[in-house]
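Undergrad: dropping the sequence and predicted coords here.
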Amino acid sequence: MNGISSVTDSPRPGQAHRVVTSEAIAAVEAIVKEKRLVTVNEIAAHMDMSHGSAHHIVHDVLQFHKVSATPADCRIEITTC
């Protein structure tokens, strides 16, 4: 053993940390309500955030889910359940 007693994963240099502010949540919610057919990539580009952060806000925080998709342009309609 090398003297480490914890079995949890320690933070690593360069590991991304997701910071979700109430302002970002409100802005994403406004985008979705204004434009019901919107992609996570469009939200991320508009908000200048990563796809992962936009996805986290849409699906985990706001709990919006896609209900339909068109394969031609991969747009999703986001609605609450």
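TA: Received the coordinates, thanks.
Undergrad: residues contacting the longest helix belonging to the chain, please?
TA: Taking residue count as the measure and DSSP state H as the definition, the longest helix of the chain comes out as helix 22-34. For helix 22-34, the surrounding residues in contact (Cβ atoms under 8 Å, 6 or more residues apart in numbering) are 38, 43, 46-47, 49, 53-54, 57-58, 61-62, 64, 78. For glycine as for every other residue, the C-beta is placed from the backbone atoms N, C-alpha and C.
Undergrad: go with 6 Å
TA: Defining contact as Cβ atoms under 6 Å, 6 or more residues apart in numbering, one finds that helix 22-34 is touched by 43, 57, 61-62, 78.
Undergrad: by neighbour count, which of those wins?
TA: Ile57 (25 neighbours; other Cβ atoms under 10 Å).
Undergrad: and that one, how far is that from Ser22?
TA: Distance, Ile57 to Ser22, by Cβ to Cβ, to the nearest Å: 11 Å.
Undergrad: picking up where we left off before, please point out which parts of the longest helix of the chain sit buried.
TA: When neighbours are counted by 16 or more other Cβ atoms under 10 Å, the buried residues of helix 22-34 are found to be 24, 27-28, 31-32.
Undergrad: next structured bit after that helix?
TA: With elements assigned by DSSP states H and E, the helix or strand that comes after helix 22-34 is helix 40-47.
Undergrad: rewinding a little: could I get the contacts of helix 22-34 as CSV with pLDDT and secondary structure?
TA: As requested, the contacts of helix 22-34 are arranged in CSV below (pLDDT from 0 to 100; DSSP: H, G, I helix; E, B strand; the rest coil):
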residue, pLDDT, secondary structure
Ile43, 92, helix
Ile57, 92, helix
Val61, 91, helix
Leu62, 90, coil
Ile78, 58, strand
